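Participant: this one's structure only:
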């Protein structure tokens, strides 16, 4: 709008516009100015005379681009400080004409000023929104969520019916753009197949990416003359759509590297309109203006940085998980019998957490683990046995009660006893007693079988313990001529273990792995979203009734994530087939054992119920 642009002249019924030199047909009766207080943005002048002065004075203050001109002294008095100008006392038409022209110029100036302020206000709001979005995108680490946010915001800023987001693959030959997201409101069910666009001048998107500059198309079916790119109508024909206005904006980082491209289609005058035909496009679709291009470019710049940050974060996360898996492979190498246990426990923990998210009943119906929390849980479960690196290998892989060295010693001693018995039966001072020798050797073999049976990790019967003591009291003459016991006190100590393969000291060595795990993990400067890994892993052998280890925590001090890891850990340990110290049990038997523990108040019964109901263990 120019400052000298003509404005409308409104006047009372007694005013003759020609007396103001108005002969251009711009005059209207004041009654046509329906709502002076809510007058629009067009400049206007209202000439007020005595006949309408009182009526005007009773109205709300007029819009600032409506200039009130008092035509006489009576209207001056009635309007008081409302009037902007006055022609009272102006005797000639030329004087009144000059005043009217000044009033129009003032109305135009005020209209321009108002429009500029509105534009500035809108620009300020958009700038604040872009700053807010920039911060929001900067802190988003999940690439998939980030891409959805960028596309959604781009459609909102440009009032577009549809949009797509491409990511660049510069390593491809030739370089290309791969479609990652796509959404058109008018055809929400459209699911285009994977799409790749070569970065060259044969397509609009490829051309925009090649020149690193926005491309605006007012009508996709009427491209500019001389354009090297074409529009393929196959998409519209397939989905019953009509593309008209289009906007392509490359996402370029601060080093001028192409990160991707934003594509928008059909800027709409009515957000609720559906564009499925040429008639719909004619009625509702608008061309993209400099404003939409400016906003889309700003968003694309923010998006390029945010996408690179998210991709870098994903690479760091992948590296971290690779390091963790490598560390756990070190644990597996020391204890091949339990190889893969941590990975299986982590997978079951994640499945159980997702089952909790899906439950709609019970005390955990309002619990919802976010993706970040589930990842934190998974890593804690992966690392829960890291402390086994410090457990002596002989204890870690011990499959029988006797340590290997003592077992070899017992076997060698029984062989020596056999040879001693055979030699004694062949003494030179008497004939050998074959029957007596056979009885003695048979008795020795039985005692050896008792020892071997007792060496197994199964429950030790009371009768076997008594037989072991009897065997231990027997003696034979050693090579040095001194009597020796069949079994030493140290050997009896291990053989008389009531169950399992570990004595009290060895069990303490194994249980130390929990504290060692915590020491290792607590030294790592985890990010905020992983800060609980050490504490979750630390409690995986605690029980709700305080009978666990190492801290004997009770239920109110054991987080839900730790309870999940505990159940997953026990289930996998029970069902794993290659543990050397125990046979595997069936899933049904393992669940029954877990249920017994839950009924006794040692495990979380509700979590176990959810695991069984969801079949997360399968």
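Facilitator: Noted; the coordinates are in hand. Since we're looking at a predicted model, the values are computed, not measured.
Participant: near residue 521, how many other residues are there?
Facilitator: By the criterion of other C-beta atoms under 10 Å, residue 521 has 22 neighbours. Where you see a C-beta, it was placed from the backbone N, CA and C, and this is true even at glycine.
Participant: how about residue 115?
Facilitator: Residue 115 has 13 neighbouring residues, counting by other C-beta under 10 Å.
Participant: and it, how far is that from residue 7?
Facilitator: Using C-beta to C-beta, to the nearest Å, residue 115 is found at 14 Å from residue 7.
Participant: ok, now residue 307?
Facilitator: Using C-beta to C-beta, residue 307 is found at 50 Å from residue 7.
Participant: what of residue 212?
Facilitator: From residue 212 to residue 7 the distance is 45 Å (C-beta to C-beta).
Participant: okay, those two: which has more neighbours?
Facilitator: Between residue 212 and residue 7, residue 7 has the larger neighbour count (other C-beta under 10 Å), namely 22 against 13.
Participant: wait, that one touches residue 27, no?
Facilitator: No: Residue 7 is beyond contact range of residue 27, at 10.9 Å (criterion: C-beta atoms under 8 Å).
Participant: tell me which helix or strand residue 319 sits in.
Facilitator: helix 290-334 (DSSP states H and E).
Participant: now do the helix or strand just after that helix and helix 290-334, the angle between them.
Facilitator: Next helix or strand after helix 290-334 toward the C-terminus (DSSP H and E): helix 341-358. Angle of helix 341-358 versus helix 290-334, following axes from the mean of the first three to the mean of the last three C-alpha atoms, to 10 degrees, is 140 degrees.
Participant: mean confidence for helix 341-358?
Facilitator: Averaged over helix 341-358, pLDDT sits at 94.
Participant: show me the contact partners of it.
Facilitator: Outside helix 341-358, the residues that touch it by C-beta atoms under 8 Å, 6 or more residues apart in numbering are 325, 328, 331-332, 364, 367-369, 373-374, 377-379, 381-385, 560-561, 564-565, 567-569, 571-573, 576, 607, 610-611, 613-614, 616-617.
Participant: likewise stretch 443-456?
Facilitator: 400-402, 407, 410, 414, 417-418, 421, 460, 464-465, 467-468, 471, 474, 486-487, 494-496.
Participant: give the buried residues for that stretch.
Facilitator: For stretch 443-456, the buried set under the neighbour-count rule, 16 or more other C-beta atoms under 10 Å, comprises 444, 447, 448, 450, 451, 452, 454, 455.
Participant: what's the following helix or strand after the helix or strand hosting residue 409?
Facilitator: Following DSSP H and E, one finds residue 409 within helix 404-424. The first helix or strand that comes after helix 404-424 along the chain, using DSSP H and E, is helix 434-454.
Participant: stretch 398-406: end-to-end distance?
Facilitator: Using C-alpha to C-alpha, to the nearest Å, one end of stretch 398-406 lies 12 Å from the other.
Participant: ok now it, how far from the chain's centre?
Facilitator: The chain centre lies 48 Å from the centre of stretch 398-406; the measure is C-alpha atoms, centre = their mean, to the nearest Å.
Participant: what do you get for stretch 229-240?
Facilitator: That offset, for stretch 229-240, works out to 35 Å (C-alpha atoms, centre = their mean).
Participant: tell me which residues of that stretch come out buried.
Facilitator: 229, 231, 235, 236, 239.
Participant: next one: stretch 515-535
Facilitator: In stretch 515-535, counting by 16+ other C-beta under 10 Å, buried: 516, 517, 518, 520, 521, 530, 532, 533, 534.
Participant: equivalent analysis for stretch 542-551, please.
Facilitator: Within stretch 542-551, the residues that count as buried by 16+ other C-beta under 10 Å are 542, 543, 544, 548, 549, 550, 551.
Participant: from the residues you listed, which is closest to residue 171?
Facilitator: residue 542 (48.7 Å; C-beta to C-beta).
Participant: element containing that closest one, please.
Facilitator: Using DSSP H and E, no helix or strand contains residue 542.
Participant: ends of stretch 360-380, what's the gap?
Facilitator: Chord length of stretch 360-380, first to last residue, is 26 Å (C-alpha to C-alpha).
Participant: and it, what's buried?
Facilitator: 364, 369, 374, 375, 376, 377, 378, 379, 380.
Participant: which of the residues you listed lies closest to residue 15?
Facilitator: Closest to residue 15, out of all of these and judged by C-beta to C-beta, is residue 369, at 75.9 Å.
Participant: on that earlier part again, are any of the contacts of helix 341-358 buried, and which?
Facilitator: By 16+ other C-beta under 10 Å, the contacts of helix 341-358 give 328, 331-332, 364, 369, 374, 377-379, 381-385, 560-561, 564-565, 567-569, 571-573, 576, 607, 610-611, 614, 616-617 as buried.
Participant: so what's residue 497 closest to, chain neighbours aside?
Facilitator: Take residue 497 and drop its neighbours on the chain: the residue closest to it by C-beta to C-beta, 6 or more residues apart in numbering is residue 401, 5.1 Å away.
Participant: ok, residue 93 - contacts?
Facilitator: 18, 19, 20, 21.
Participant: again, only using 6 Å
Facilitator: Contacts for residue 93 (C-beta atoms under 6 Å, 6 or more residues apart in numbering) come out as 19, 21.
Participant: quick check: the gap between it and residue 99.
Facilitator: Distance from residue 93 to residue 99, by C-beta to C-beta: 11 Å.
Participant: give me the contact list for the helix or strand bottoming out on mean pLDDT in the chain.
Facilitator: Using mean pLDDT, DSSP states H and E, helix 50-57 stands out as the lowest-scoring helix or strand of the chain, at a mean of 74. Helix 50-57 is contacted by residues 12, 14, 30, 48, 72, 74, 75, 78, 79 when judged by C-beta under 6 Å, 6+ apart.
Participant: cool, stretch 382-399 as well?
Facilitator: By C-beta under 6 Å, 6+ apart, stretch 382-399 touches 324, 331, 334-335, 342, 346, 501, 506, 509-510, 513, 516-517, 520, 537, 540, 565, 580-581.
Participant: before we move on, back to that, next structured bit after the least confident helix or strand of the chain?
Facilitator: strand 66-70.
Participant: could you check the pLDDT of residue 555?
Facilitator: pLDDT, residue 555: 95.
Participant: low pLDDT regions in the stretch 51-200 of the chain?
Facilitator: Within the stretch 51-200 of the chain, the stretches with pLDDT under 70 are 57-64, 123, 126-127, 130-131, 133-140, 193.
Participant: which residues of it fall in helices?
Facilitator: Secondary structure of the stretch 51-200 of the chain (DSSP state H, counting those that start in this stretch): helices at 73-79, 93-139, 143-158.
Participant: which one, of those, ends up nearest to residue 285?
Facilitator: For those, proximity to residue 285 was assessed by C-beta to C-beta; helix 143-158 is nearest, at 12.3 Å.
Participant: who does the closest one touch, helix- and strand-wise?
Facilitator: strand 160-169, strand 176-184, helix 290-334 (3 or more C-beta pairs under 6 Å, 6 or more residues apart in numbering; DSSP states H and E).
Participant: what's it in contact with?
Facilitator: 133, 140, 163, 165, 180-181, 262, 264, 292, 295-296, 299, 303, 306, 310, 314.
Participant: let's go with 7 Å and repeat that
Facilitator: 133, 137, 140, 163, 165, 180-181, 183, 247, 262, 264, 267, 288, 292, 295-296, 299, 303, 306-307, 310-311, 314 (C-beta atoms under 7 Å, 6 or more residues apart in numbering).
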